[in-house]
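> Show me how the following folds:
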Amino acid sequence: MSQMPPALSKCPSCEEPLESGDRFCGACGYDLSAVPAPPDDSPTMTMNGTAPHPPSAAAPVSWPVAPEVDSSDMPAPLHVPTEIQGTDSAGSELPAEVPGVRFDGPPEPDEYPLQAPDPRTADFATPAAGTKMCVACRAGQVDQDGYCENCGHAQPRERDHMEQELDAVSAVSDRGLRHHRNEDAFAISSTALPDGSPAVIAIVCDGVSSATRPDEASLAASRAANESLLDALPRGTHPQQAMHDAIVAASNAVNSLAAVVPSGEHTPHQNAPACTLVGAIVTPTLLIVGWVGDSRAYWVPVDRTSPAARLTEDDSWAAQMVAAGLMNEAEAYADERAHAITGWLGADAYELEPHTASFKPDRPGVVVVCTDGLWNYAEAAEEMAQVIPHDAASRPLHSAQVLVGHALDGGGHDNVTVAVLPFPAPPQGAGSA
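This is a model prediction of the structure:
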């Protein structure tokens, strides 16, 4: 005699509504008599507060008897838990394996990364002219702070890494590994003197990080100094005087930034924009350097048996201590105040004192013009000569790249900028660039 199926409101298989007395589902044919009866519920506490019904008596578990140790002193065999047949709460034996449940699947990742849209298939709207799009997702526009409005990805800045190569001079600038932006700037060019001989120019500036908008200061100074030299040298101004005038022009350009406050910016307690400057002019017979601050110029001869030399003196606390005889150079530059500059370009500078020097090298070599982001890792002239490649005079760009790489390998704690100028200026360097 078949058992009457329990009263169900819908089919357990297809969830089709059922009527009382149905033995099979009219939609899928499911055998409703195969539906097990619902188990008796024995809650710990009933909703009305009465004591629960006592659970049904279950058969006692037959625990195996541990055998005694025999005379051989061999340990008794062990029984692991899996050898004991378990029972459920009603006393029934548990099945050997529960079908349909597995826990040995591959681990799920904590996060599912979002994949950038495929530019070949994604339906991107055509951006308006002049709109900068994100390099990561290719879908969002870049805001004024340099971040994507869609995915938030920070966009690479144009000045993070810059390289420029001319016939007789090359320069490389890099943001470094610790700073969030590159506050250095450079300008290189070449022109002709009135007699037709070449003059090669390199200007390197380092923005003062404690000042406001140091990146703008270095860029304005490098451009102004370069333009001043390109204007003065062809007119016959002596290169040393032209360098002095170029530093003054750079100072005026940086000073003018203090009078311009960007919209939405109100920082009355911040310092005015400021930077350091070092420059070099190379002709067939003369080498002119000029500087304000702690950016440096080095001379490295092609014949490495001849000594290298530093051509500039820092406007810094350490240099003042050494000049006054209060410390030797090693002690001064080991002090935490060593890099505090005492001269710079900017509206709040104490007094502008452009330094210039003229040299007549008697042998070929290269001039290295750099910021402290490089010379911190090759401070002495001998160290700089060891780092720069021996073919620097014929491969100035490669040499500048090697020097920047040396600073980055050393830690890259600051922006790094270097220009390499072979001496004497080769004839092919003539002509404006």
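> Quick one: the helices in the stretch 201-350 of the chain, in order.
Per DSSP state H, counting those that start in this stretch, the stretch 201-350 of the chain carries helices over the ranges 214-232, 239-258, 317-323, 329-334.
> close enough to count as contact, residue 8 and residue 25?
No. With contact defined as Cβ atoms under 8 Å, residue 8 does not count as touching residue 25 (9.4 Å). Every C-beta, even on glycine, is put in place using the N, C-alpha and C of the backbone.
> These two: who's more crowded?
residue 25 (20 against 15; other Cβ atoms under 10 Å).
> from the helices of the stretch 201-350 of the chain, which stretch is densest packed?
Across the helices of the stretch 201-350 of the chain, the average number of neighbours (mean count of other Cβ atoms under 10 Å) peaks for helix 214-232, which reaches a mean of 24.
> roughly how far is that helix from the heart of the chain?
Going by Cα atoms, centre = their mean, to the nearest Å, the spacing between the C-alpha centre of helix 214-232 and its chain's C-alpha centre is 28 Å.
> Now do it against helix 239-258, angle only.
140 degrees (axes from the mean of the first three to the mean of the last three Cα atoms, to 10 degrees).
> which helices and strands does helix 214-232 pack with?
strand 184-192, strand 198-207, helix 239-258, strand 274-282, strand 345-346 (3 or more Cβ pairs under 8 Å, 6 or more residues apart in numbering; DSSP states H and E).
> Could you tell me which residues touch both of residue 8 and residue 25?
18, 32 (Cβ atoms under 8 Å, 6 or more residues apart in numbering).
> where does the stretch 51-200 of the chain have low pLDDT?
In the predicted model, the stretch 51-200 of the chain carries pLDDT under 70 at residues 51-91, 94-127, 129-130, 135-136.
> again, only using 90
Residues of the stretch 51-200 of the chain that meet the criterion pLDDT under 90 lie in 51-158, 178-180.
> Then the stretch 301-433 of the chain?
319, 323, 329-330, 332-334, 336-339, 349-351, 426-433.
> Run through the residues that contact residue 232.
Contacts for residue 232 (Cβ under 8 Å, 6+ apart) come out as 241, 242, 245, 246.
> Would you state the strands of the protein in chain order?
Along the chain, the segments classed as strands by DSSP state E run 161-165, 170-174, 184-192, 198-207, 274-282, 287-292, 296-301, 309-310, 345-346, 355-359, 365-370, 416-423.
> Reformat these as a markdown table; add distance to residue 225 and mean neighbour count.
Shown next, in a markdown table, are those (distance: least, Cβ to Cβ, whole Å; neighbours: other Cβ atoms under 10 Å):
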| stretch | distance to residue 225 | mean neighbour count |
| --- | --- | --- |
| strand 161-165 | 16 | 15 |
| strand 170-174 | 14 | 26 |
| strand 184-192 | 7 | 24 |
| strand 198-207 | 5 | 29 |
| strand 274-282 | 6 | 29 |
| strand 287-292 | 9 | 26 |
| strand 296-301 | 14 | 24 |
| strand 309-310 | 21 | 17 |
| strand 345-346 | 10 | 27 |
| strand 355-359 | 12 | 16 |
| strand 365-370 | 12 | 28 |
| strand 416-423 | 13 | 29 |
